[in-house]
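> Let me see the structure of the following:
(one chain, ligands or ions: 1)
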Amino acid sequence: MSAALLARTGVTAEEFRAAMAALAAPVTVVTCYDEYGTPRGLTASAVSSLSLDPPLFLVCLDRKSSSHDALVGASSFCVNLLAPGDEELALKFAGRPDRRFDGVRLAAGEDAAPGLSDSALRLMCERHETLDGGDHTILVGRVVSVDGDGLGLTPAGGLLWHQRGFAYARPVPRPGA
Ligand SMILES: Cc1cc2nc3c(=O)[nH]c(=O)nc-3n(C[C@H](O)[C@H](O)[C@H](O)COP(=O)(O)O)c2cc1C
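Numbering: from 1, shown residues only. Next up, the predicted model:
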């Protein structure tokens, strides 16, 4: 795979993975209800704010993931932003698919998609568009509500995935401030 990728693109899988490991990314759990009303979800750090007007947010989903089709097919999904201390939750939603929601409390009053009540911040999204992203699908959602106490994430900041492990974002003073 790596030699073939190098021949086609000039970059090996190892080089690309090492470069991307240097990119600190927020850790989220993206959830939805599937067509049977069963909660589904996965840990995702390939996420980004996309647009302010309209408010759009994107998530990159591995086409091979067992949750891919449910998330891409759902009319709504929830992006649950994790905070320092949520490392076990992050690993749980990257582990056995049939155990991911075991013991997890869902936020009351959020029926369109299962929000995790312990997450720092929840972005409830309606599906806006899906785009081709190579071996991933780019799922674009229109944010319809923001909930949680995530704006009080101090002093430790957010939970990040960096250099193939967890890291905590630490706010520092802005130069000149
Ligand atoms: C910190 C972290 C970040 C991840 N980010 C993504 C991501 O952005 N997109 C994605 O499809 N899978 C991501 N994964 C992998 C999924 O959480 C999940 O483990 C994978 O899709 C396999 O799921 P499956 O067993 O349901 O097929 C990430 C895993 C971890 C631990």
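> now for the chain, which residue lies nearest the mean position of the chain?
Note on the chain: the residue nearest the mean C-alpha position is A44, at 3.2 Å, using CA atoms, centre = their mean.
> shouldn't that one be in contact with T28?
Yes - at 5.4 Å, A44 counts as touching T28 under the criterion of CB atoms under 8 Å. All C-beta atoms are positioned from the backbone trio N, CA, C, and that covers glycine.
> list residues touching both of the two?
Common neighbours of A44 and T28, using CB atoms under 8 Å, 6 or more residues apart in numbering, are V59.
> what is the mean pLDDT for stretch 95-102?
Averaged across stretch 95-102, pLDDT comes to 97.
> which residues make contact with that stretch from outside it?
With contacts defined as CB under 8 Å, 6+ apart, stretch 95-102 is touched by 39-42, 66-67, 92-93, 114.
> and that stretch, which residues are buried?
The neighbour-count check on stretch 95-102 (16 or more other CB atoms under 10 Å) flags 100-101 as buried.
> next one: that stretch to chain centre, how far?
16 Å (CA atoms, centre = their mean, to the nearest Å).
> Is there proximity between it and the ligand?
Yes - residues of stretch 95-102 contacting the ligand under CB under 6 Å from any ligand atom: P97.
> Could you work out the end-to-end span of that stretch for me?
12 Å (CA to CA, to the nearest Å).
> next one: stretch 77-87
First residue to last in stretch 77-87 (CA to CA) measures 21 Å.
> can it be found next to the ligand?
No - for stretch 77-87 and the ligand, the contact criterion (CB under 6 Å from any ligand atom) is not met; the two come no nearer than 9.2 Å.
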